[in-house]
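A.B. asks: Fold the following.
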Amino acid sequence: MIKIAHIYASQAKFNSGDLILGKSTKKYFQEKYLGGVDCEFTDFDCRVTFNETKINSLNKFDYILVGGGGLILPDSAPNNVSGWQWVIPKDMYDKIDKPIYVMSIGYNLFYGQDMTMSSRENSIKTESKLPLFKENIKKLINKAEHFSMRHNGDRNSLLGIIGSDFSDKVKFEFCPSIWYVKEFWSSNMTEENKKFITIEIKDDREWRRYGKIGKSKFYSELTKFVKYCITKNIPVAYMSHDGSKNFYNHLRSSNINIPLLDNSSGNETKIKENYSKVKTILCSAGHSQMMSHGLGIKTISLVSHPKLRYFCDDTNNNNFIEINETHNVFDKLMELI
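C.D. replies: Numbering: from 1, shown residues only. Model (predicted):
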């Protein structure tokens, strides 16, 4: 039995994307890198400081697996240790004596954000984490047996910081969640069950997501689309990716009631059942986009974060709307639908 330490945002189980990426990264590593041998995985939360005691624990495993997920982001688990979400001092890498595989992580900065912003508030800048981050991530890349990013755009962004000398070591590798849902979910899904045009909206950091259009205008445009679907007897539903229901509640406050597909239960069977009902999805969460793609669902990306556009570019998908720039979202949706 091979023992593997898996380091990622392991506590974010309310987020269906983080739940599935954890499971899929384990399964993908086991199948594609270790040939399907029996494995035992132990989760470590990347956002807890990795001191010498924790490093000694890691060295009891056969492999150390890091990722996936958007771990390169200064305002989730802000720290003065590493400058990114794996909170490990760079000197601790030297004490690790087992092979490290960093798989499909994301450069997860929002539009208008840089490494000097370690607060979720709109305009707060603190001491730049960039020098700290650069030294830490370069040390990891040199140490790791394998290091990959989930989008070419992520890879290019990172190389733009640390330099092209690392281009051979930093690979592009799709998030394993795409492979996972295609491999283990799609066989149980039928076209007959796919009936909903489904809307999924991420609302965190709204000042960054909505740009010029603003949240109010975006909600108005999307509400207009929902009303159109209802008028035309087109089944429409709302999917909650991580428990957030702001747009769904906005509709209810206007006496517009549509079905809710809630994926925040932490139950994979329920999440799979919800996706089996989706014919077309309008989404702004990265893993809603990736998992829908893996399942062959028509996906219209509501681009409120660079990673959504990166994925569209990597998959040659032109079904997207840059919502931080586009005011006529309803008209654009009608074209794409």
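
A.B. asks: Regarding this structure, what is its longest helix?
C.D. replies: Secondary structure of the chain read by DSSP state H shows that its longest helix is helix 215-231.

A.B. asks: Show the subsequent helix or strand relative to it.
C.D. replies: strand 236-240 (DSSP states H and E).

A.B. asks: Give me the contacts around that following strand.
C.D. replies: 196-200, 226, 229-230, 245, 247-248, 251, 258-264, 274, 277-278, 281, 283, 288 (C-beta atoms under 8 Å, 6 or more residues apart in numbering). To be clear about C-beta, it is placed using only N, CA and C from the backbone, and glycine gets the same treatment.

A.B. asks: Partner strands of that strand and their direction?
C.D. replies: strand 196-200 (parallel), strand 260-262 (parallel) (DSSP bridges).

A.B. asks: Could I get the buried residue list for stretch 62-76?
C.D. replies: Neighbour counts over stretch 62-76 (16 or more other C-beta atoms under 10 Å) mark 63-76 as buried.

A.B. asks: mind checking how far that stretch is from the chain centre?
C.D. replies: Stretch 62-76 sits 11 Å away from the centroid of its parent chain (C-alpha atoms, centre = their mean, to the nearest Å).

A.B. asks: Would you mind extracting the C-alpha trace of that stretch into PDB?
C.D. replies: Provided in PDB are the C-alpha atoms of stretch 62-76 (Å, rounded to 0.1, in the frame of the first residue of the first chain):
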ATOM      1  CA  ASP A  62       5.900   7.700   0.000                       C
ATOM      2  CA  TYR A  63       4.700  10.700  -2.000                       C
ATOM      3  CA  ILE A  64       3.600  14.300  -1.400                       C
ATOM      4  CA  LEU A  65       0.800  15.500  -3.700                       C
ATOM      5  CA  VAL A  66       0.000  19.200  -3.900                       C
ATOM      6  CA  GLY A  67      -3.100  20.600  -5.600                       C
ATOM      7  CA  GLY A  68      -5.200  21.100  -7.500                       C
ATOM      8  CA  GLY A  69      -7.100  24.400  -7.100                       C
ATOM      9  CA  GLY A  70      -6.300  28.000  -7.400                       C
ATOM     10  CA  LEU A  71      -3.600  28.100  -4.700                       C
ATOM     11  CA  ILE A  72      -1.700  31.100  -6.000                       C
ATOM     12  CA  LEU A  73      -3.800  33.900  -4.600                       C
ATOM     13  CA  PRO A  74      -2.600  36.400  -1.900                       C
ATOM     14  CA  ASP A  75      -5.900  37.100  -0.200                       C
ATOM     15  CA  SER A  76      -7.000  33.600   0.700                       C
END
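
A.B. asks: Could you measure from the spatially most central residue of the chain over to residue 311?
C.D. replies: By C-alpha atoms, centre = their mean, the chain has its centre lying nearest to residue 286, at 4.4 Å. According to C-beta to C-beta, to the nearest Å, residue 286 and residue 311 sit 7 Å apart.

A.B. asks: Sketch out the strands for the stretch 151-300 of the chain, chain order is fine.
C.D. replies: In the stretch 151-300 of the chain, the segments counted as strands under DSSP state E, counting those that start in this stretch are 170-172, 196-200, 236-240, 260-262, 278-283, 298-303.

A.B. asks: picking up where we left off before, ok, the residue nearest to the centre of the chain to residue 241 distance?
C.D. replies: 9 Å.

A.B. asks: what's residue 284 in contact with, if anything?
C.D. replies: 200, 201, 202, 209, 301, 302, 303, 304, 305, 308, 323.

A.B. asks: Please read the previous query as pertaining to residue 292.
C.D. replies: Contacts for residue 292 (C-beta under 8 Å, 6+ apart) come out as 275, 278, 281, 283, 299.

A.B. asks: same thing with residue 68?
C.D. replies: So residue 68 contacts 8, 21, 24, 25, 103, 104, 105, 106, 150, 175, 176, 177 (C-beta under 8 Å, 6+ apart).

A.B. asks: Can I take it that it is in a helix?
C.D. replies: No: with DSSP: H, G, I helix; E, B strand; the rest coil as the criterion, residue 68 is assigned strand and is not in a helix.

A.B. asks: Need the pLDDT of it.
C.D. replies: Residue 68 is assigned 94 on the pLDDT scale.

A.B. asks: measure the nearest residue to it once chain neighbours are set aside to residue 179 for me?
C.D. replies: Leaving aside its chain neighbours, residue 68 sits nearest to residue 104 (3.9 Å; criterion: C-beta to C-beta, 6 or more residues apart in numbering). Distance of residue 104 to residue 179, given as C-beta to C-beta: 10 Å.
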